[in-house]
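Enquirer: Dropping a prediction and its sequence here:
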Amino acid sequence: MEVQSVGPNEFLSIDGPASIRIIDGKLYVLGAEYGPGSSFTVMRGRRIVAKSLGEGKIDVVLGPEGRIERIDGTNEVIDTWDRALSTIQLRNSVIVVLGAMDVGKTTVTTILVNKGVMGGLKVGVIDGDPGQNDIGPPTTVSASIATNFITHLTQLRNLRSIFVKTTSIEHVWDYVLNSISKLVNELKHGHNVDAVVINTDGWISDPAAVKFKLEMIKHVSANYVIVIRRGDEVNELLKGLASITINTIVLPSPSNARIRDRDDRRIRREMGYSKYLMPSRELSINLREKPIVNLPLFNGLRYDNYITRLIRRSLNVPIHYIEQWGGVAVAIGDVKEFQVKNLGDVSIAILPVNWERGLLVALEDRDNYLLSLGVLRKIYYNTGKAVISIPKSFNNEDLVDHIRLGMIRVNDNYEEIEKTLYIGKIESLLSSQNISRKQ
């Protein structure tokens, strides 16, 4: 514990873990003003910049690797951001925050949340980044409601999550789009929030990414779009925004923003899996009663042994299990990797033996909201049952309506070992045959 004096308009860089209590004066921190007797925390691995609004004293407690130092505020963006964001009419608005990776989208989202709370608003928050989600687990888009000041989105309680099957939006962006729209409606009409702020992923430069972001803005009926610019990364996006009628605010990226590499991001995701799934227990589920919605097992036409033998000979593949649903059949066979073969007018998707081991899955309710993440361990084709590792704390088995397969395989330590994009290919096969499943 250390008491420090601060002068007017002094800038403080604070690395967590740290706890700061205001004794005298005021500090401006991420859109909120903290006066005497108030306090805030900075989490481990996070850095924030605070600005003193006058003479004052603060009580500082630093944890391991925590640090506080006075810095030159000349190149800081606090005042620039504050002036621009203060022009937003938060009440009854939906605000979308856009930008590449590591440009400050989460910080801007936090500032908007705190400005809303300071104005007495009930602020809905959506984290639309399934790769680096701060509100819910990885592979989800998640929603929360803020009624108090925060220094990071991880301090918000997860209200609703929707499993989007992977961490790479480019493979599932239409599903992510519908999921974010659904969460906006849930917050506005189910919880009567005064404003909604949407933090987004960093997929921004590809033509498909620009299309996704523009479609999102339309689907959620956004009132404001905030774009954080670093170099020319958002040029194409800004051109697209110019073609639609929307209040657009362009902010500079902080010059000292922390840049995380691919390994850092993967490690953070894996820590997220462990956080939500450990300690775990195994659950046996009857897939005839609680089906896999994006793979037609145990609810289609099961071939008898004679037909199965004919198919084996025709495909020249040892088949252990096969089932048909409309114009698509799913088979388990001795193949090294997923493949599709056509037999007459039936497309046969052949999965390798033990294809399911380690796949991330979602246990969902009847409205397709996430109840729990899980890891698929084994499917028993003779009984139609699956064994899934789930958190020990999960006790809402009676609410589970169905299972949804993900596209990520993890090992026993919850480390990512493979992206199984063939799950999406099977879904496309079903869709091309106009086979309707619960979505």
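Expert: Nice, I can see it.

Enquirer: Would you mind measuring from the closest residue to residue 119 other than its chain neighbours to residue 123?
Expert: Leaving aside its sequence neighbours, residue 119 sits nearest to residue 90 (C-beta to C-beta, 6 or more residues apart in numbering; 6.5 Å). For glycine as for every other residue, the C-beta is placed from the backbone atoms N, C-alpha and C. Distance, residue 90 to residue 123, by C-beta to C-beta, to the nearest Å: 8 Å.

Enquirer: Overlap of the contact sets of these two?
Expert: 112, 116, 194, 195 (C-beta atoms under 8 Å, 6 or more residues apart in numbering).

Enquirer: Okay, and which of these map to strands?
Expert: If you go by DSSP state E, those have residue 195 in strands.

Enquirer: Quick check: the two most widely separated of the shared contacts of residue 90 and residue 123?
Expert: Across those, the longest distance by C-beta to C-beta is 12.2 Å; it joins 112 and 194.

Enquirer: what about residue 90 and residue 123, which has more around it?
Expert: Neighbours per residue, other C-beta atoms under 10 Å: of residue 90 and residue 123, the larger number sits with residue 123, 25 against 22.

Enquirer: what about the more buried one, distance to residue 146?
Expert: On the measure of C-beta to C-beta, residue 123 and residue 146 end up 5 Å apart.

Enquirer: So for those two, which residues contact both of them?
Expert: 113, 116, 117.

Enquirer: Just the closest of the residues you listed to residue 215, please.
Expert: For the shared contacts of residue 123 and residue 146, the nearest to residue 215 is residue 113 (24.5 Å; C-beta to C-beta).

Enquirer: residues near the closest one, how many?
Expert: The number of residues near residue 113, taken as other C-beta under 10 Å, comes to 30.

Enquirer: Now for it: which residues touch it?
Expert: So residue 113 contacts 31, 123, 125, 146, 150, 153, 197 (C-beta under 8 Å, 6+ apart).

Enquirer: and residue 226, what helix or strand is that in?
Expert: Taking DSSP states H and E as the definition, residue 226 sits inside strand 224-229.

Enquirer: which residues sit against that strand?
Expert: By C-beta under 8 Å, 6+ apart, strand 224-229 touches 85, 88, 93-100, 103-105, 108, 217, 234, 237-238, 241, 246-253.

Enquirer: so of the residues you listed, which ones are in strands?
Expert: 93, 94, 95, 96, 97, 98, 247, 248, 249, 250, 251, 252.

Enquirer: What segments of the stretch 151-300 of the chain are strands?
Expert: 160-163, 195-200, 224-229, 247-252, 280-286 (DSSP state E, counting those that start in this stretch).

Enquirer: Could you do the stretch 1-150 of the chain as well?
Expert: 2-6, 11-15, 18-24, 27-29, 32-34, 39-42, 47-52, 56-62, 67-71, 93-98, 123-128, 140-146.

Enquirer: Determine the longest helix present in the chain.
Expert: Longest helix of the chain, by residue count under DSSP state H: helix 262-277.

Enquirer: which residues touch it?
Expert: Contacts of helix 262-277 (C-beta under 8 Å, 6+ apart): 131-133, 137-138, 167, 260, 360, 373-375, 389-391, 410, 413-416.

Enquirer: how much does it deviate in direction from strand 140-146?
Expert: Interaxial angle, helix 262-277 versus strand 140-146 (axes from the mean of the first three to the mean of the last three C-alpha atoms, to 10 degrees): 70 degrees.

Enquirer: Now do helix 262-277 and strand 280-286, the angle between them.
Expert: Using the same axes, to 10 degrees: helix 262-277 against strand 280-286 is 70 degrees.

Enquirer: What are the buried residues along helix 262-277?
Expert: For helix 262-277, burial by neighbour count (16 or more other C-beta atoms under 10 Å) applies to 265, 266, 268, 269, 270, 272, 273, 276, 277.

Enquirer: export the strands of the stretch 151-300 of the chain to a markdown table and tack on mean pLDDT?
Expert: Shown next, in a markdown table, are the strands of the stretch 151-300 of the chain (pLDDT from 0 to 100):
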| stretch | mean pLDDT |
| --- | --- |
| strand 160-163 | 98 |
| strand 195-200 | 98 |
| strand 224-229 | 97 |
| strand 247-252 | 96 |
| strand 280-286 | 96 |
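
Enquirer: Rebuild those strands as CSV, extending it with distance to residue 183.
Expert: Shown next, in CSV, are the strands of the stretch 151-300 of the chain (distance: least, C-beta to C-beta, whole Å):
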stretch, distance to residue 183
strand 160-163, 6
strand 195-200, 9
strand 224-229, 18
strand 247-252, 22
strand 280-286, 26
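
Enquirer: nearest to residue 427, of those?
Expert: strand 160-163 (13.7 Å).

Enquirer: list the contacts for residue 52?
Expert: So residue 52 contacts 6, 7, 8, 9, 10, 11, 12, 25, 26, 27, 28 (C-beta under 8 Å, 6+ apart).

Enquirer: Buried subset of these as a ChimeraX selection?
Expert: The buried residues among those can be selected in ChimeraX (16+ other C-beta under 10 Å) with this line:
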select :6,10,11,12,25,26,27,28
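
Enquirer: out of the contacts of residue 52, which one sits closest to residue 300?
Expert: Closest to residue 300, out of all of the contacts of residue 52 and judged by C-beta to C-beta, is residue 28, at 60.8 Å.

Enquirer: close enough to count as contact, the closest one and residue 76?
Expert: No: the criterion here is C-beta atoms under 8 Å, and residue 28 misses it with residue 76 at 11.4 Å.

Enquirer: still on that earlier bit, just checking, the residue nearest to residue 119 touches residue 116?
Expert: Yes: using C-beta under 8 Å, residue 90 is in contact with residue 116, at 4.8 Å.

Enquirer: Could you list the low-pLDDT ranges of the stretch 151-300 of the chain?
Expert: Residues of the stretch 151-300 of the chain that meet the criterion pLDDT under 70 lie in 256-258.

Enquirer: and the helix or strand hosting residue 424, what other elements does it pack with?
Expert: Here residue 424 sits within helix 422-432, counting by DSSP H and E. Judged by 3 or more C-beta pairs under 8 Å, 6 or more residues apart in numbering; DSSP states H and E, the packing partners of helix 422-432 are strand 328-333, strand 346-352, strand 402-410.
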